[in-house]
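Novice: coordinates only, no sequence provided:
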């Protein structure tokens, strides 16, 4: 696609249509947040491919994008069969990181929510970070959009003392399988979101709605690793309709190596 | 949609475009069979809604379609970003069951595979089967297509003696969670497919390709049920490049009720 369009710049903001597929909706007929996350990652992928700095081109130079952080803030969720658009744009680029924003809205402009994400670029052989600005002479800089509004906080550091958490909290441990693994051989980013949101049961979701979800990908995990989910309630909140949680995920590798942190997350539920 | 088109019959065969989304592909960059199954169920849903006997209408008369059996036979799988079409049509209808076929092919007509399915219609209050032909005066009969080719066997009965299986095989037991549950409050049909295909690991899938998958939905299960997967190799096959397995799934309900069969499946792997 880049070749065809290289003489004209595309708009900085990409807009991609999706539908809340009925079998991707929860007991309440609302799109699962994991599936919305998947659509957002698709939009990011389409957007960057169309503009010449996506996976399609990066694969040819042995590089790839790696999602480092994602924050989603939601006022509403599409119902089954609802059509919606994910808009996405890069709002900042540095040598080793870019930040990419998302807006999820319907055709009439009613907003479901927004997202912010941070991406790194790695060399697929060394697995080390590489210089984003060296790709196609810094082409990505041509597409930085800083004026379009994204009224949500960036992902913040989740304050958890890993030693204390591991000592005091009993984790929920799950096995990872074939269907958790993506083409890079790693546990798929979206699967962590699903596994984290599965820490609460149906009765919880009948009472509370997910308002904000943040996740930071710290290290990679692989098929066969056991994932240990440490869930800690954050008591800082005074509003009793709001519940905040921190989640730390470690892996126990098949070779017995234990306690390596792979993901850190926090979630905010509200009772509407 | 039915209202708009009621004076003209649509074609009997519906055709719906999909794409193998990159994050729905496995380590080998091929679409997961569970995701293909999801696309097939979407196609069935779109097809029946457009023709006036789908969930949209059925919801207004307190009825719903229930998938009873599904068989998929595959020669190939779409790679990441491949576009493909799912064609679907009803090839038979009786009072309590309809059979619906699928063909998965690309725009040039290259066939990935075919599917056959059996559906019942139930009353959403009594959960009992209802007369399919009573809906809109048997409208569905106007759309039966028997000439279009679907060159795969129907789903067959899987010969497993549940008592013997439960006594002699150690099951793989998993918990069910929020993200497994659909709008009917039951474990989602596609999730069983994923859980079954997760009984084999990545190394297996590096050597073998799924050639045929059959599943029969026997009873419903709910969030909180434990699912017990009993896997039995079928030795009838003489070709050493072919491996056949039967799978029986039972549930252990939260109230302790145990051993109720919920799903029966068989799969055929081939070494190409």
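Specialist: Structure's in. What do you need? Not measured: the values here are computed from a predicted model.

Novice: would you check that residue A:215 makes contact with residue A:193?
Specialist: Yes. Contact criterion Cβ atoms under 8 Å: residue A:215 and residue A:193 qualify, at 6.4 Å. From N, CA and C alone the C-beta is placed, and that goes for glycine too.

Novice: list the contacts for the residue lying closest to residue A:25 once chain neighbours are set aside?
Specialist: For residue A:25, ignoring the flanking residues on the chain, the nearest one in space by Cβ to Cβ, 6 or more residues apart in numbering or on different chains is residue A:80 at 4.5 Å. Taking Cβ atoms under 8 Å, 6 or more residues apart in numbering or on different chains as the criterion, residue A:80 is in contact with A:20, A:21, A:22, A:25, A:29, A:30, A:31, B:183.

Novice: and stretch A:176-194, end to end?
Specialist: Start-to-end span of stretch A:176-194 (Cα to Cα, to the nearest Å) is 13 Å.

Novice: do you know the pLDDT at residue A:9?
Specialist: We have a pLDDT of 67 for residue A:9.

Novice: quick one: contacts for the residue in the stretch 1-150 of chain A that chain B sits nearest to?
Specialist: Nearest residue of the stretch 1-150 of chain A to chain B, counting by Cβ to the nearest Cβ: residue A:29, 4.7 Å away. Shown in contact with residue A:29 (Cβ under 8 Å, 6+ apart): A:79, A:80, B:183.

Novice: ok, what's across the strand from the first one?
Specialist: Judged by DSSP bridges, the bridge partners of residue A:79 are residue A:30.

Novice: do you know the pLDDT at it?
Specialist: 97.

Novice: burial measure for it, as a count.
Specialist: 14 (other Cβ atoms under 10 Å in any protein chain shown).

Novice: surely it and residue A:22 touch.
Specialist: No. Judged on Cβ under 8 Å, residue A:79 makes no contact with residue A:22 at a distance of 9.7 Å.

Novice: pLDDT weak spots in the stretch 1-150 of chain A?
Specialist: A:1-9 (pLDDT under 70).

Novice: what values do phi and psi take at the residue lying closest to residue A:226 once chain neighbours are set aside?
Specialist: Nearest residue to residue A:226, sequence neighbours excluded (Cβ to Cβ, 6+ apart): residue A:252, at 4.2 Å. Phi and psi for residue A:252, reported as degrees, to the nearest 10, are phi -110, psi 110.

Novice: and what of residue A:75?
Specialist: phi -100, psi -20.

Novice: the closest residue to it other than its chain neighbours pairs with what?
Specialist: In space, residue A:75 comes closest to residue A:113 once its chain neighbours are excluded; the distance is 5.8 Å by Cβ to Cβ, 6+ apart. Here residue A:113 shows beta-bridge partners residue A:74, residue A:104, assigned using DSSP bridges.

Novice: again, but for the one 5 residues further on
Specialist: Beta-bridge pairing of residue A:118, defined through DSSP bridges, involves residue A:69, residue A:99.

Novice: surely the residue nearest to residue A:75 and residue A:84 touch.
Specialist: No. Taking contacts as Cβ under 8 Å, residue A:113 lies outside contact range of residue A:84: 10.1 Å.

Novice: how far does stretch A:188-205 sit from its chain's centre?
Specialist: Offset of stretch A:188-205 from its chain centre (Cα atoms, centre = their mean, to the nearest Å): 13 Å.

Novice: buried set for that stretch?
Specialist: A:188-200, A:202, A:205 (16 or more other Cβ atoms under 10 Å in any protein chain shown).
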